[in-house]
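J.: sequence and predicted structure below; questions after.
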Amino acid sequence: LAEKEEVFDYIVVGAGAAGSVMASRLCEDAARTVLVLEAGAGDGHPFLRIPAAVMRALATPRFDWGYQSEPDPTRQARTERWPRGKVLGGSASINGMVFVRGQAIDYDDWARGGASGWSYAELLPFFRRMEATSVGEDDVRGRDGPVSVVEAWAAPGLTERFIDACADLQIPRNPDYNGHRQEGAGLAQANLRHGARDSSARAYLIPALRRPNLAVRTRAHVGRLVLEGRRVVGVEYHQGGRARIARCRRDVVLCAGAIASPQLLMLSGVGPPQTLRRLGIPVVHDLAGVGENLMDHPAFSLTRGVRLRSLNQEATPVRQAVNGARWLLTRKGPATAIAAQAVAFVRTRADLDHPDVQLHFASLAYTFADGKVGLERGGGITVSANVSRPRSRGRVTLKSASFRDPPAIHPAMFAEVADLETLARGVRVVERIFDTARFRQITVDRPYPSWASERDLHDALRAEANVIYHPAGTCRMGAGPDAVVDARLRGQGLAGLRIADTSVFPSMVSGNTNAAAMVVAERGSDLIKEDERRPAA
Ligand SMILES: Cc1cc2nc3c(=O)[nH]c(=O)nc-3n(C[C@H](O)[C@H](O)[C@H](O)COP(=O)(O)OP(=O)(O)OC[C@H]3O[C@@H](n4cnc5c(N)ncnc54)[C@H](O)[C@@H]3O)c2cc1C
């Protein structure tokens, strides 16, 4: 039974990448009260702090929702694990920490498609105010924002070799892919401060905890929105075995991420009516786009054994102890390694104006299956290619009317054959990189997978390509009947609701999605504040 109801100006659901930014910006004004409800616990565990230890956090139920996708008809009906952070910082507490803004054209497409105000030029001030970095040029990079961005630890002899090999193939060296142009190869930029993960929970939310107008509740699982007609007036959440209602005077801001935000809307009677009726959920508001437009970056990895030392040799128990001790003392060394040491943004066809594939270079030979990382013995490297701006779309829907059950995730990775073809071209680029004299000199001779025909390669991609945990788009922002929020992040046809997380992306950004999630919340918090100053409609 619900007990005592509390009232706040704003309720932020989810303290992940976007929610942490949103809550901290909203409570900057002491006159505004803000409640944050996060289903997971605190982020203090060393696996979440030490960058290289994150592999151990993945697939741990304590930190990870551990979703399993439904069979994908475009990939031989395979299912796969979809890790999502269930902890302060959300997925940004278990992610690879590679910091990428995306291309200007990604956001310009958002604006052209009906999300007015979200072009890259309009977002640039928000990207700059979010970050503190010494990388790149003053006119485009931020120098004193909350999130620390540094160049990632680079494996000696390997990372530069990758960047040089790219240059051999006319992929230019780019010292700042978050600067004026994305194209090219360069050192990965990382969300790290003093060698430790700098998620937005660390950078924004935890420093804001001292403000008396901010309340953050962890292990608080929101089960549904409370609606009066078409106005969202609060949420019902479950904490310590009890159901509670929290009410808000202004907005509930959904920041539960691309899987849970549409799930919560549907559980509350907002979504495609046929889905809701099938499960006996009363339809409060018919919003057909909820859960549609699911996208992720299709990816495929190639590994090579190398005769140089790589992170594989740093992963033995003895070396882990040495590296861990070094990290404790100096905050430096291989323990600060993030998911990639270098990245490249590549045009796979000469007639393209913009990069269509991203490469991640890791000085580590690994396999990744079922959410678990497997390390090869001996030195090795992995280069994975992914489609920057995929066209295929899947969907998230409900399996049951209970908030305790996971939703159904239906990826359709290769629904558009163009994505399969783009990924195949990306794989060919990786093969050419491995085939440069620089890499042939150090590669250990053994049989590696190869594909004589494009058809063989396409088959291999259908059999093995995977998502890279960048789900987005399931509460699309824009205009038209399928849009779930308008360009001010207000729920279509609903009062008192905003959504601010990767679910609102109208189309995919070219790169890892954490920075884009944070910029949605940065600008979104300004929109909310602006609307407070307007007379009520
Ligand atoms: C394994 C992995 C590796 C990744 N690597 C990178 C990378 O290297 N670089 C990069 O830029 N991006 C990376 N990403 C993606 C990036 O972390 C996400 O795009 C980003 O965190 C999404 O932000 P969000 O705010 O939309 O959602 P999240 O950060 O997932 O936050 C959602 C929050 O809402 C909470 N929540 C959900 N449902 C409820 C509920 N009902 N009640 C209360 N709370 C709820 C969740 O527990 C979570 O804390 C990776 C992601 C994963 C999982």
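T.: That came in fine, so what should we check first? Residues are numbered from 1 along each chain as shown.

J.: contacts only, for the one residue in the stretch 301-450 of the chain that gets nearest to the ligand.
T.: Relative to the ligand, the nearest point of the stretch 301-450 of the chain is Ala339 (4.9 Å; CB to the nearest ligand atom). Just so you know, the C-beta spots here come from the backbone N, C-alpha and C atoms, and that holds for glycine as well. Going by CB atoms under 8 Å, 6 or more residues apart in numbering, Ala339 touches 95-98, 360, 362.

J.: run the last query once more with 7 Å
T.: 96-98, 360, 362 (CB atoms under 7 Å, 6 or more residues apart in numbering).

J.: of these, list those near the ligand.
T.: Applying CB under 6 Å from any ligand atom, the subset of these adjacent to the ligand comprises 96-98.

J.: in helices only, show me the contacts of Ala339.
T.: In helices, defined here by DSSP state H, there are no members of those.

J.: any idea which of these has the most stuff around it?
T.: Neighbour tally across those (other CB atoms under 10 Å): the maximum, 27 neighbours, falls on Ala362.

J.: distance of the spatially closest residue to Val484 that is not a sequence neighbour relative to Ser503?
T.: Take Val484 and drop its neighbours on the chain: the residue closest to it by CB to CB, 6 or more residues apart in numbering is Cys475, 3.9 Å away. Remark: distance between Cys475 and Ser503 (CB to CB, to the nearest Å) = 4 Å.

J.: Gly291 is in contact with the residue nearest to Val484, correct?
T.: No - when contacts are counted by CB atoms under 7 Å, Cys475 is not listed as touching Gly291 (8.1 Å).

J.: ok so, going back, tell me which of the contacts of Ala339 fall in strands.
T.: Mapping those onto strands (DSSP state E) picks out 360, 362.

J.: which of the contacts of Ala339 sits closest to Ala335?
T.: Met97 (12.8 Å; CB to CB).

J.: list the contacts of the closest one.
T.: By CB under 7 Å, 6+ apart, the neighbours of Met97 are 51, 190-192, 197, 338-339.

J.: again with Val7
T.: 247, 249.

J.: can you do 6 Å?
T.: Applying CB atoms under 6 Å, 6 or more residues apart in numbering, we find Val7 in contact with Arg247.

J.: in three-state terms, label it for me.
T.: Secondary structure assignment for Val7 (DSSP: H, G, I helix; E, B strand; the rest coil): strand.

J.: can you get me a residue count around the residue of the stretch 351-500 of the chain at minimum distance from the ligand?
T.: For the stretch 351-500 of the chain and the ligand, the shortest gap (CB to the nearest ligand atom) falls at Tyr469, measuring 3.5 Å. For Tyr469, the neighbour count with other CB under 10 Å is 21.

J.: next one: the one 5 residues further on
T.: Neighbours of Thr474 under the rule other CB under 10 Å: 34.

J.: my read is that it contacts Gly394, right?
T.: No - at 9.0 Å, Thr474 does not count as touching Gly394 under the criterion of CB atoms under 6 Å.

J.: quick check: neighbours shared by those two?
T.: When contacts are counted by CB under 6 Å, 6+ apart, Thr474 and Gly394 are jointly contacted by Leu294.

J.: so is the residue of the stretch 301-450 of the chain closest to the ligand in a helix, a strand, or just coil?
T.: Of the three states, Ala339 takes coil under three-state DSSP.
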